[in-house]
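# Structure of the sequence below:
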Amino acid sequence: MKRHRRGGPAATPSLRVASCTHIGMVREHNEDAHGHGPDWAAVADGMGGHRAGEVASQLTLKVVAARMARNRGMEPEERAADAILRAHDAILHEAESVSERSGMGTTIVLLVNAGEGRVLVANVGDSRCYRLRAGRIEAFSVDDNLPLRHDVITQALGIRRVVPHIKEVSVESGDLFLLCSDGLTGEVHDDRIKEILTGPGSADEKVRKLVAAANEHGGLDNITASIVEVAGTAEASFRGARRQAVSMRAAPRPGPGKARSNPCERARGRR
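Below you'll find the model as predicted:
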């Protein structure tokens, strides 16, 4: 879909990102991945044996980062689709080249700053994007799973042909966007997610609380949450914004009835 830009510089919202990921309370490896660039953020949830899911999600974020950087002059919708489909092709190639990785795949949810008071939400699989505005939470991603079997997804990168869902979403100063894997939404109800997002604390503290809540409810899967703050309408997008990437340190599992008091630590020196 082509757009003709209006005259003069577009007002592009200033965005800040905070992310937190954790292995959960059951899994042996963390197959989730998250990342962001000057004007995008993404979460991927890998699947496959022999740690192949971890390879799929990390490869996806690597390809997305490269394609988003290369195609900055492309229309936002085309740019998002290109990044996702190139990641899909890369996973297929890797799976064909290494037998142990056959059948690996990953979900993805990608948020792209499109300027002019809008962002794009693109997804494949069941990783989600929510927007919190004025105390109301709304999902803008599409879950690709069976109606009565939410644990069975019908689309994933690396698995057959994929068609990304891409939606244009309005953005205002003060909006919060949450990108997350189903390790969060499978354990924590939307009402509790809203309660945490509207509660006290910085975005950094809120992603920690979200992951802690999922672990308190069982932590049956890997958990990843990324909050994107829309801070205003300055011509800045993600570039030059405060990076708030945080990750989980492997720590002893708490005893029965005990929750982690500080589940995330900032990743020092990570990009």
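
# from here on, contacts and neighbour counts on C-alpha atoms
OK.

# can you give me how far whichever strand or helix holds D191 is from the chain middle?
Assigned by DSSP states H and E, D191 falls within helix 190-198. Distance, stretch centre to chain centre, for helix 190-198: 17 Å (Cα atoms, centre = their mean, to the nearest Å).

# elements contacting it?
Using 3 or more Cα pairs under 8 Å, 6 or more residues apart in numbering; DSSP states H and E as the contact test, the elements touching helix 190-198 are helix 203-216.

# Give me the secondary structure label for the most centrally placed residue in the chain.
Centroid check for the chain by Cα atoms, centre = their mean gives V43 as the closest residue, at 2.5 Å. Recorded secondary structure, V43: strand (DSSP: H, G, I helix; E, B strand; the rest coil).

# Run through the bridge partners of it.
Under the criterion DSSP bridges, V43 forms beta bridges with H34, V109.

# quick one: contacts for it?
32-35, 108-110, 127, 179-181, 224-226 (Cα atoms under 8 Å, 6 or more residues apart in numbering).

# Now do the host helix or strand of T21 against helix 203-216, angle only.
Using DSSP H and E, T21 maps to strand 14-22. Per axes from the mean of the first three to the mean of the last three Cα atoms, to 10 degrees, the angle that strand 14-22 makes with helix 203-216 is 30 degrees.

# which secondary structure elements does strand 14-22 contact?
Applying 3+ Cα pairs under 8 Å, 6+ apart, we find strand 14-22 packed against strand 32-37, helix 203-216, strand 223-232, strand 243-247.

# Work out the gap between stretch 101-113 and the centre of the chain.
9 Å.

# One more: stretch 30-49?
Worked out by Cα atoms, centre = their mean, stretch 30-49 lies 6 Å from the chain centre.

# Now that stretch: buried residues?
Under the neighbour-count criterion of 16 or more other Cα atoms under 10 Å, stretch 30-49 has 30-48 buried.

# quick one: average pLDDT of the helix holding D191?
Mean per-residue pLDDT for helix 190-198: 98.

# what does stretch 37-54 give?
On average, stretch 37-54 scores 90.

# got the end-to-end distance for it?
End-to-end distance for stretch 37-54, by Cα to Cα, to the nearest Å: 20 Å.

# now swap in stretch 160-178 and tell me
Here the two ends of stretch 160-178 are set 28 Å apart, with distance taken as Cα to Cα.

# now swap in stretch 154-174 and tell me
Terminal residues of stretch 154-174 are spaced 34 Å apart (Cα to Cα).

# for the stretch 51-200 of the chain, which spans come out with low pLDDT?
Scanning the stretch 51-200 of the chain for pLDDT under 70 picks out 150.

# now the strands: where do they sit in this protein?
Per DSSP state E, the chain carries strands over the ranges 14-22, 32-37, 40-47, 105-115, 118-124, 128-133, 136-139, 145-146, 149-153, 165-170, 176-180, 223-232, 243-247, 265-266.

# Take these and lay them out in CSV including distance to D190.
Shown next, in CSV, are the strands of the chain (distance: least, Cα to Cα, whole Å):
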stretch, distance to D190
strand 14-22, 18
strand 32-37, 20
strand 40-47, 18
strand 105-115, 17
strand 118-124, 19
strand 128-133, 10
strand 136-139, 8
strand 145-146, 18
strand 149-153, 16
strand 165-170, 19
strand 176-180, 11
strand 223-232, 14
strand 243-247, 23
strand 265-266, 25
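
# nearest to G73, of these?
strand 105-115 (11.3 Å; Cα to Cα).

# Please name every helix or strand in contact with the closest one.
Using 3+ Cα pairs under 8 Å, 6+ apart: strand 105-115 touches strand 40-47, helix 52-70, helix 76-97, strand 118-124, strand 176-180.

# got the contact list for the second one?
Okay, so that is helix 52-70. For helix 52-70, the surrounding residues in contact (Cα under 8 Å, 6+ apart) are 29-37, 40, 42, 44-47, 79-80, 82-84, 86-88, 90-91, 100-101, 104-107.
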